[in-house]
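Q: Sequence and predicted structure below; questions after.
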Amino acid sequence: MPTNLYRFQGPEGTIPYQHYLIDKNNTKLTKIATALMKNERCDGRDISAHRNLCIKTGIVTQAKGSAYVEKGHTKLLCSVFDPKEVPNKVEYAKTGELQCEFKFATFSCRQRRNYTRDSEERQLCNEFRRAIEPAVCRGEFANFEIQVNVLVLENDGSVLSTAITAAGLALMDGCIPMYDMIVASSLGIFKNTILVDPTYDEETLCLSWTEDEENRGTVMLAYMVSLEQITEFSQNGSMDINMFPEYVQLLIDQNCKINKLVQSAAITDVIGHFESQTTD
Amino acid sequence: MENKIICVPGQRLCQVDATHTQGKGTYKRQDYIYSSVAGIVNVDDSNKISVIEVLSKDKTIVPAPGDIVTAMVTTINQDMCKCLITSVCGHELNETYRSSLRKQDVRTKEIDKIDMLQCFRPGDIILARILPMTEAHTFKLTTAENELGVVIACSEYGFPMIPISWTEMQCTKTNVIETRKVAKIVQEKKTAENV
Amino acid sequence: MSLVSLNEGEKVYIIHGVEENFRCDGRSRQDYRPLELEMDIVSNANGSARLRLANSDILVCVKVEIDTPLPETPNDGKIEYFVDCSANATPTFEGRGGEQLAAELSRFLSLAHCPVFNLSKLCIVSGQSCWKLFVDVLILECGGNLFDAVSLAAKAALCNTSLPNIVGTYEDGKNIDLQISDDPFDTKPLDARDLPVLVSLCKIGNNYVADPTIEEEICGAGCIVISVTPKGKVSAVLKKGAGSFMPDTLNEIIMSGSQIGVLLNKALEETITKDMSSNVCKQRFGFLK
């Protein structure tokens, strides 16, 4: 593992103190689980309700386009930069490339994260790139690459889907040609109960190992609403095959809801811009 | 603002037919025109055919073959000079792109007699046209047109120069005459330059 | 991913073949290429398997070591996957070329196994010591469809793995001394029959094919990898490539993927059982074949 000597790494092999709390970590999950059995969620939401979404575009002045999205306690920042030349490239490519970086801030999770990229970040980065790639008109910037960066400031579940939604907004804000707006949402499944937009604890609960045969896990789907295309689908856990059509339909419905919010944010953005232009 | 149509990417705008065609900020899919950026829909009826385009707040422009670009000469040698493209068709870029101008593309006449050092100097601002892409991935430029060539240059002593003929420029302070491949600036190009 | 390049004519040929349900190598859309599996071929490993899927050659070795469990999961053992894309497989893997693929493979393998594999089986003394499995995957030759091949080989290797028997533990204050049987054959097999296998389905035109070759992967608009357990449950899904899918197509792909996965699991199960029962007079092939 490469280390950066200029940065303080912290002692090796530290353990978050939360594991030694008298009220052990597990009781928190059991509490959520028992509440879920009664179809209640710890934050008082309905099981099919999304957390409130806060969207702001154009907040990074140096970037071509940027967006800040807040979904409950999940907070992240996405920025898009101008097309630039691909370094060390010999062949001519007809389609442009997307260069993505997905980074958790060191303080974003319960356990401190390292500066170097870990395997989870790489995996999320791959999924993130695949989700937004089909939406961007890559033929319009042939032989160039566009850098899309995501920085997670706070992780409270459904990070990837929030990041994809933010990327759609950032690309729109940067006026990068796109075939469609892109939105994503996620589900958590625990003992056959479907939770829309799970929090971090709910995600942990859904992915924890159990003996029984009931469905559990998480599903994430990125969608282009007007083109009706799924750009990325990922699932983890243990689920019955016959449940998939239901999950997919539910996620698409959720995405349509988010798309309305995203579109209205985009329209206010455009109005704001052109009004300020006319007053100049 | 009231009568304008605002659109977001992926919105279907109209059908492609004999009287409607796609313009900037749109793409065509299955006989329909869709918008690819967020902005205001504009219908350009100035020609016979109405062009549907979307005006966005900012444009993503990458240099394409055939475009007239403004570039700055960075390094120069006997065979070619290297330039940085700073704006395309009057639209300023946030990112600069590398490009090169070969000796044979400087002018149309007497190609074998060209001396690169007599045509350009590092720091000169030139107008040039992008040549079709080859397998090499940097842009190739040409100044083989009357309207293309050096537009802004400074003399050896660091003072701005003004063109006196198509091969010479004179320093405004020291009156020294230096040779350049000077662009014949027409009014239209000048406005492009000022943007 | 590899040096294969196709011209338009070749692509059209493949796409039309898929449409007619008759692929270049004579298979139908749902067919797999021939598989060869050999187990227990590396003597220094606790479990090993070599799998050949047409031209893809995968060697998986499992090594077992003792470690202390994580404080948040004191009753669980550990399992770690490492995929090495050898430059022998294809020149594009040279240097750091195979790194991204390797990272993706190992990460997805652990994601797929994690919800199914009961880690508490690897516990020795709660909170003190546990087994740690190192699953090392070596790609010797690359002939397309690495995800399926790697997962089959990994499952076979884990089924082949046996943990040494622990004879006794001595507590000395806080330290725990483990005594492990001297007899190398005094072991207990690791139960890994529930593990999933991965099924890749590549979308070509309006159809999808199982077990795509490199050429078909290039023609395809996108690939869905589904991890299917023997009971037909899905433990992970991943999308590869830059394409997008219609919702109905996606559902259809997942459905048929799980059916193929169940059959594949069954075939693997039978092979493993046969291999274990005929342990006495087994003919060894090794890498020379």
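A: Sure, I can see it.
Q: Please count neighbours and contacts with C-alpha atoms only from this point.
A: Fine.
Q: ok, which residues in chain B are in contact with chain A?
A: Selection of chain B residues close to chain A by CA under 8 Å from any CA of the partner chain yields B:1, B:6-11, B:25, B:27, B:34-40, B:56-62, B:94-95, B:97, B:135-137.
Q: Quick check: the residue of the stretch 51-200 of chain C nearest chain B.
A: Closest residue of the stretch 51-200 of chain C to chain B, CA to the nearest CA: C:Thr92 (20.9 Å).
Q: Shouldn't that residue be within a strand?
A: No - counting by DSSP: H, G, I helix; E, B strand; the rest coil, C:Thr92 is not part of a strand but helix.
Q: Identify the residue nearest the residue at minimal distance from the centre of chain B in space, chain neighbours excluded?
A: The C-alpha lying nearest the average C-alpha coordinate of chain B belongs to B:Val69 (CA atoms, centre = their mean; 2.0 Å). Spatial nearest neighbour of B:Val69, excluding adjacent residues (CA to CA, 6 or more residues apart in numbering or on different chains): B:Val88 at 4.5 Å.
Q: how much space between A:Asn236 and B:Lys48?
A: A:Asn236 sits 56 Å away from B:Lys48, going by CA to CA, to the nearest Å.
Q: Looking at the two, which one has more neighbours?
A: For A:Asn236 versus B:Lys48, the count of surrounding residues by other CA atoms under 10 Å in any protein chain shown is larger for A:Asn236: 25 against 10.
Q: how near is that one to C:Ile139?
A: Look at A:Asn236 and C:Ile139: by CA to CA, they are 25 Å apart.
Q: ok, residue 80 - how many residues close by?
A: With no chain named, the answer covers chain A. Neighbour count for A:Val80, taken as other CA under 10 Å: 29.
Q: my bad, the chain I had in mind was chain C
A: Neighbours around C:Glu80, by other CA under 10 Å: 14.
Q: Which strands and helices lie in contact with the host helix or strand of it?
A: Counting by DSSP states H and E, the element that carries C:Glu80 is strand C:78-85. Applying 3 or more CA pairs under 8 Å, 6 or more residues apart in numbering or on different chains; DSSP states H and E, one finds that strand C:78-85 contacts helix C:99-113, strand C:129-141.
Q: Need the winner for burial among the ones you listed.
A: Neighbour counts (mean count of other CA atoms under 10 Å in any protein chain shown) averaged over each of the helices and strands packed on strand C:78-85 peak at strand C:129-141, with a mean of 22.
Q: Okay, angle between the helix or strand following that one and helix C:99-113 too, please.
A: Counting by DSSP H and E, the element after strand C:129-141 in chain order, helix or strand, is helix C:146-160. Interaxial angle, helix C:146-160 versus helix C:99-113 (axes from the mean of the first three to the mean of the last three CA atoms, to 10 degrees): 50 degrees.
Q: got the contact list for helix C:146-160?
A: Outside helix C:146-160, the residues within contact range by CA atoms under 8 Å, 6 or more residues apart in numbering or on different chains are C:37, C:39-40, C:46-53, C:56-62, C:105, C:109, C:135, C:137, C:189-193, C:195-200, C:211, C:225, C:268, C:272.
Q: C:Thr86: neighbour count?
A: You called it Thr, but residue C:86 is Ser. C:Ser86 has 21 neighbouring residues, counting by other CA under 10 Å.
Q: swap that for C:Asp31, sorry
A: Count around C:Asp31 with other CA under 10 Å applied: 14.
Q: Confirm for me that it is in contact with C:Tyr208.
A: No - between C:Asp31 and C:Tyr208 there is no contact under CA atoms under 8 Å: 11.4 Å.
Q: Spell out the secondary structure type for residue 14.
A: In the absence of a named chain, chain A is used. The three-state label given to A:Thr14 by three-state DSSP is coil.
Q: Neighbours of it, how many?
A: Residues near A:Thr14, counting by other CA under 10 Å: 9.
Q: Can you give me the pLDDT of it?
A: pLDDT for A:Thr14: 73.
Q: Equivalent analysis for C:Leu51, please.
A: 91.
Q: and the residue nearest to it when sequence neighbours are not counted, what does it touch?
A: Residue nearest to C:Leu51 in three dimensions, not counting chain neighbours: C:Leu37, with 4.6 Å by CA to CA, 6+ apart. Contacts for C:Leu37 (CA under 8 Å, 6+ apart) come out as C:Ala49, C:Arg50, C:Leu51, C:Arg52, C:Ala153, C:Thr271.
Q: swap the cut-off to 7 Å and go again
A: The contact partners of C:Leu37, taken as CA atoms under 7 Å, 6 or more residues apart in numbering or on different chains, are C:Arg50, C:Leu51, C:Arg52.
Q: Helix, strand or coil: sort out it for me.
A: Strictly by three-state DSSP, C:Leu37 counts as strand.
Q: Please tell me how far it sits from chain B.
A: Distance, C:Leu37 to chain B, using CA to the nearest CA, to the nearest Å: 45 Å.
Q: and if you look at A:Arg41?
A: Using CA to the nearest CA, one obtains 35 Å as the distance from A:Arg41 to chain B.
Q: my guess is that residue meets A:Lys31, correct?
A: No - assessed by CA atoms under 7 Å, A:Arg41 is found out of contact with A:Lys31, at 9.9 Å.
Q: out of the two, which sits in the busier spot?
A: A count of neighbours by other CA under 10 Å puts A:Arg41 above the other of A:Arg41 and A:Lys31, at 19 against 12.
Q: now the farthest one out in chain C, which residue is it?
A: Most peripheral residue of chain C (CA atoms, centre = their mean): C:Gly173, 41.9 Å.
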